[in-house]
Structures are given as structure tokens and as C-alpha cells.
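Engineer: Structural data only, the sequence is not supplied:
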């Protein structure tokens with residue numbers, strides 16, 4: 001999708017750098033004003049560019065939204081991906097607990113960005129929306145890998161690994177999406193410990209198998 005965004009530059013490296021700058025600055029503007037209320041002029045001003053310069057790297061305001069959503073997705077994925085290799089040397093139960101800890105704390109640190117991502121993905125065209133969803137797959141894959149390894153070692157008993165992995169990620173995102181309710185009852189540590197205990201009760205071979 002990025003390669004399909006119009007640009008008037010043949011310098012791929014420069015385009016990549018400028019688009020990341022546009023994405024980072026646009027997150028701030030969109031969060032402050034809202035997507036619908038943010039003009040191309042607002043985006044250009046935040047990026048320190050003229051409107052003409054901005055259109056040198058993108059073709060429309062929707063392109064900026066796509067770049068912004070891709071950027072927010074990459075931030076979330078990085079929380080787990082950057083240390084996922086360490087989980088391979090840790091027992092699955094411990095690895096899962098650590099991965100949940102990293103991801104949920106990551107969500108806690110960028111709650112507004114998570115909310116923005118969920119709120120505005122539907123404003124993209126179907127093809128771009130599909131790319132945003134696909135970009136999130138590596139994050140789910142980290143949890144799927146740990147869960148699969150746990151089933152192989154006999155620590156976990158799971159009928160649908162993909163579903164459990166998605167549930168773990170969604171539960172983490174819920175800390176941001178339902179914060180108006182959850183923040184009144186839990187600290188991030190309490191929420192994380194409670195959710196981890198629920199998942200372990202579901203999948204651990206020391207408990208009843210998932211029905």
C-alpha cells in the first residue's frame with residue numbers, strides 16, 4: 001500500500017523518512033483536533049511543510065491517515081517484537097506472563113494512540129484497511145508462538161490457539177478502550193494480573209480444559 005501512495009520523489013529513502021515524520025506529527029494533530037476536523041493545512045503546519053511540500057510525499061488526506069495508522073500499529077507491535085526472541089529461552093508459562101506484561105504496559109503508555117487506531121481505521125478504503133489489519137498480525141503471532149510451544153511441552157491445553165492469542169491482544173487493548181470504566185477499579189498492574197490469571201485458568205493443564 002505504501003508503494004501505491006503517490007509521490008513526486010524518486011528517492012525512496014527520503015520518502016520513507018519524510019512519511020514517518022508526517023505520520024508522527026499527524027498523530028499529535030489528529031489526537032488534538034480529531035480526524036474529521038483536521039485539514040491538510042493543519043497537517044502541513046504540524047510537519048513544518050507547505051501544502052505543496054506535503055503533497056510531494058502523499059496524494060490525499062486519507063494517505064496521511066493510513067501512514068498514521070501504520071505508524072501507531074508499528075509502535076504497538078514493537079513493544080513485543082523487540083523482545084520476543086527472549087521468550088524462546090523461557091518456559092512457555094513464564095514467557096506468556098512476560099509477553100502479556102510487556103504488551104499491556106505498552107498499551108498503557110500509548111492509550112490515546114490505541115483509541116485513535118480503533119476509531120479511525122474504518123475511514124480507510126477497504127484495501128488500505130486490510131493492510132492495516134495485516135500489519136497487526138505479527139503481534140498476534142508472538143502470542144500464538146508461545147501458546148503453541150506451551151501445547152507442545154504439555155503446559156497448555158488449547159483447542160483454538162489463534163482465538164486465545166487474539167483474545168489476549170484484545171484484552172490488552174481493552175485497557176485503553178474501556179479505561180473510563182477500568183481505571184476506576186484497577187491499576188494497570190491489577191488489571192494485568194487479573195487478566196493473566198483468567199487466561200492461565202483457561203489454558204493451563206493444571207485446570208479444566210477449554211470447553
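Structural biologist: Okay, I see it. This is a predicted model, so every value here is computed, not measured.
Engineer: burial measure for residue 25, as a count.
Structural biologist: Residue 25 sits with 19 neighbouring residues when counted by other Cβ atoms under 10 Å. From N, CA and C alone the C-beta is placed, and that goes for glycine too.
Engineer: Neighbours of residue 55, how many?
Structural biologist: 17.
Engineer: from what I can see residue 191 touches residue 182, true?
Structural biologist: Yes: if you go by Cβ atoms under 8 Å, residue 191 and residue 182 touch, sitting 6.0 Å apart.
Engineer: more crowded one of the two?
Structural biologist: Legend: neighbour count by other Cβ under 10 Å for residue 191 and residue 182, higher for residue 191 (21 against 16).
Engineer: just for this structure, where's the confidence low?
Structural biologist: 1-4, 6-11, 79-81, 83, 135, 207-211 (pLDDT under 70).
Engineer: Apply 50 and report the result again.
Structural biologist: Confidence mapping of the chain against pLDDT under 50 gives the ranges 1-3, 208-211.
Engineer: Residue 168 contacts residue 142, doesn't it?
Structural biologist: No: the criterion here is Cβ under 8 Å, and residue 168 misses it with residue 142 at 9.8 Å.
Engineer: Just list what the one helix or strand residue 78 maps to packs against, helices and strands only.
Structural biologist: Secondary structure assigned from DSSP states H and E places residue 78 in helix 61-81. With contacts taken as 3 or more Cβ pairs under 8 Å, 6 or more residues apart in numbering; DSSP states H and E, helix 61-81 sits against helix 12-33, helix 40-46, helix 92-109, helix 111-120, helix 126-135, helix 137-153.
Engineer: Quick one: these as JSON lines, columns for distance to residue 199 too.
Structural biologist: Output for the helices and strands packed on helix 61-81, formatted as JSON lines (distance: least, Cβ to Cβ, whole Å):
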{"stretch": "helix 12-33", "distance to residue 199": "30"}
{"stretch": "helix 40-46", "distance to residue 199": "40"}
{"stretch": "helix 92-109", "distance to residue 199": "8"}
{"stretch": "helix 111-120", "distance to residue 199": "20"}
{"stretch": "helix 126-135", "distance to residue 199": "23"}
{"stretch": "helix 137-153", "distance to residue 199": "10"}
